[in-house]
Structure formats: C-alpha cells, structure tokens
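S.K.: let me see the structure of the following:
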Amino acid sequence: MPMLDNYLFFSGNCADAMRFYERTLGGKLEAMMTYADSPEPANCPANSKGLIMHARLILDGRALMASDSPPEYQKPMTGFALSLGYPTADEARRIFDALAKGGSVTMPMQKTFWAEAYGMLTDQYGTPWMVGGGLIQG
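M.R.: Prediction:
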C-alpha cells in the first residue's frame, strides 16, 4: 500500500524551517542536501548552490519533505494545510503556540464540536497548519 506524505517548497528558508519543525514537533531530520551537494551541481539552477535541494524530517514514522524553489520558480504556499492531531488539548495548544510565534493565526485555538482544542495558522515560514487536540470526532 502506498504512503502519502507531504512535500513543501520554500523560498530560500527551507533549512531554517526544517530545523524549526524538528525542534518544535520533535521529529528527526534525516536529510538536508543543498543544490551544491548534488552529484551534478553544474546542472542546478544558477544562484541555487546554497539552497536546499531536498530535506526529510521523520515524525512518528511519516515524512515531511521539503526543498527551496529556485528564485524563478518561487510561489507562496496556498491551497492546503498540514494537519497535526494530538491526544490532549494541552499538547495541541503547546504546539499551536510554538508554530504561531512570528506567524499569523487564522483561527484561534478553541473548542469545536470535533476537538477540545483546534486552531489554524500560517507559521513564520509561510506553511499553513491545522492543529487539534483531544479529538472528539474524526
């Protein structure tokens, strides 16, 4: 059976974002390769040598992968959100607050009919998140 994981594209701040997610979410950063680390760096886009070509963070057996888009391909992250679910509302609030620092909250953490605590935000790196804890349904 295939596994569905997430791949994010950043605008030059992938390394910082992935290290932040490793610290904040408690995962393990398994890979962080720059375009200069490529077996064929001459074939990489100009001005991309210091950008991240591929990063892989493992969190509870799942992968969050990412890279920096070369400047000519950079676009804001839209049309999706990463979803985190925690057993308790307190755990969800702790992670929500950490992710929200320097970002923007689109739905404050609150009780809903499906969770004791649920909120939405875009973090300082432009990644949209939905964070829930003490799930009642779903």
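
S.K.: how near is Thr127 to Ala46?
M.R.: Relative to Ala46, Thr127 is positioned 26 Å away (C-beta to C-beta, to the nearest Å). Just so you know, the C-beta spots here come from the backbone N, C-alpha and C atoms, and that holds for glycine as well.

S.K.: which of these two has more neighbours?
M.R.: Just comparing Thr127 and Ala46: by other C-beta atoms under 10 Å the higher neighbour count belongs to Thr127, 22 against 8.

S.K.: okay, the more buried one: pLDDT?
M.R.: What the model reports as pLDDT for Thr127 is 97.

S.K.: walk me through the domains of the protein.
M.R.: The chain breaks down into these domains under automatic domain parsing: 6-73, 82-135.

S.K.: what about Glu80, neighbour count?
M.R.: Actually, residue 80 is Phe. It isn't Glu. For Phe80, using other C-beta under 10 Å, the count is 10.

S.K.: so what's the most centrally placed residue in the chain up against?
M.R.: Central residue check for the chain by C-alpha atoms, centre = their mean: the C-alpha nearest the mean position is that of Thr127, 5.8 Å away. With contact set as C-beta atoms under 8 Å, 6 or more residues apart in numbering, Thr127 has these partners: 8, 17, 77, 82.

S.K.: okay, now the unreliable bits of the chain?
M.R.: For the chain, the stretches flagged by pLDDT under 70 are 137-138.

S.K.: got the phi/psi numbers for the residue lying farthest from the centre of it?
M.R.: Distance from the centre of the chain peaks at Ala42, with 29.0 Å (C-alpha atoms, centre = their mean). Main-chain torsions, Ala42, degrees, to the nearest 10: phi -70, psi -20.

S.K.: what's the distance between it and Gly85?
M.R.: Taken as C-beta to C-beta, the span from Ala42 to Gly85 is 44 Å.
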